[in-house]
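**Student:** build me a model:
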Amino acid sequence: MTTPTETFIDEAIETTLSDGKEITGTDLGKKVEKEVEEKTTELRDQFGDAVDDIVKDAAQDVKGYQQSLNELVGDHLVGDTASEGAAGYNDKGDGNKVVISEEAAKREVEDREYWEGVRVHEEQHQNEQTFNVNQQEVQYVDSSGSLTKASVIGNLTERDAIRAARQPDDHLVPEYVEHAEIGDEVVEIAGEQEVSKALKSGDVQELQKVMFEKQREQVLELLLKGEMQPEQVALAA
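**Tutor:** So this is what the prediction gives:
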């Protein structure tokens with residue numbers, strides 16, 4: 001059963017987010033605190049000391065809510081991420097901001113581990129990756145001996161964020177499970193450090209050189225079979 005103070009918090013959250021504008025988790029917590037204080041002040045004015053317990057509970061519950069916001073959102077933005085088809089997103093073109101779903105800003109949040117992962121995932125995009133890369137794909141020889149490709153903005157960036165956040169497959173949509181699997185293949189060849197460096201700097205061409213060098217024998221075999229052209233290797237030399 002919802003207590004009166006929990007109702008105050010729920011109403012304050014709904015009111016604050018109802019205009020559809022993005023707001024930082026910190027500012028949301030402050031606005032909720034202010035609205036709840038206004039309601040408890042009205043109660044005290046009407047009923048005096050009889051509502052002392054409600055006032056005390058309200059202050060405690062607001063503090064708990066603010067702590068939850070800090071853990072799941074922090075100073076990132078709360079907003080409508082459903083329009084982006086995601087639980088959260090990083091917009092490099094708009095100040096490198098991170099926006100996290102309003103679901104993470106509720107008083108009661110189901111599956112906190114999931115939302116903690118969303119925050120770390122988006123922070124990895126924000127702080128450890130650039131989308132200004134000098135090559136959009138990397139080529140490599142897969143376990144079947146075939147030449148294949150991995151997208152940088154997609155396979156590699158999402159795999160990097162997924163592994164940084166330690167997100168299990170059941171927290172991911174199938175497309176992102178595939179990103180992680182393909183990205184893992186690239187990391188197995190090039191090494192974690194080389195991939196991270198390329199995503200941070202944008203120098204994917206250097207990563208491609210490293211991969212071809214580490215797969216020299218497999219690349220040579222494909223060249224001899226005519227399944228790979230010399231210019232493909234030359235471009236990465």
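
**Student:** buried residues, the helix or strand containing Leu207. List them.
**Tutor:** Counting by DSSP states H and E, the element that carries Leu207 is helix 204-214. Within helix 204-214, the residues that count as buried by 16 or more other C-beta atoms under 10 Å are 204, 206-212, 214. Using the backbone N, CA and C atoms, a C-beta is placed for each residue, glycine as well.

**Student:** let me have these in a markdown table, extended by distance to Leu77 and pLDDT.
**Tutor:** Below are the buried residues of helix 204-214 laid out as a markdown table (distance: C-beta to C-beta, whole Å; pLDDT from 0 to 100):
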| residue | distance to Leu77 | pLDDT |
| --- | --- | --- |
| Val204 | 29 | 98 |
| Glu206 | 34 | 97 |
| Leu207 | 32 | 98 |
| Gln208 | 35 | 96 |
| Lys209 | 38 | 96 |
| Val210 | 37 | 97 |
| Met211 | 37 | 97 |
| Phe212 | 41 | 95 |
| Lys214 | 40 | 96 |
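
**Student:** now for the residues you listed: which two are most distant?
**Tutor:** Within the buried residues of helix 204-214, two members stand farthest from each other by C-beta to C-beta: Val204 and Lys214, at 15.4 Å.

**Student:** can you name every helix or strand that the helix or strand containing Glu122 contacts?
**Tutor:** Following DSSP H and E, one finds Glu122 within helix 112-128. Helices and strands touching helix 112-128, by 3 or more C-beta pairs under 8 Å, 6 or more residues apart in numbering; DSSP states H and E, are helix 52-72, strand 88-91, strand 97-101, helix 157-165, helix 192-201.

**Student:** among the ones you listed, which is nearest Arg107?
**Tutor:** helix 52-72 (5.5 Å).

**Student:** may I have the strands that pair with the next helix or strand after that closest one, each with its orientation?
**Tutor:** With elements assigned by DSSP H and E, the helix or strand that comes after helix 52-72 is strand 77-79. Strand 77-79 pairs in its sheet with strand 23-24 (antiparallel), strand 97-101 (parallel), by DSSP bridges.

**Student:** closest to Leu17 out of these?
**Tutor:** strand 23-24 (7.4 Å).

**Student:** pull the distance from the closest one to the chain's centre.
**Tutor:** 16 Å (C-alpha atoms, centre = their mean, to the nearest Å).

**Student:** rewinding a little: I'd like the strands paired with strand 77-79 as CSV, with mean neighbour count appended.
**Tutor:** As requested, those are exported to CSV (neighbours: other C-beta atoms under 10 Å):
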stretch, mean neighbour count
strand 23-24, 18
strand 97-101, 21
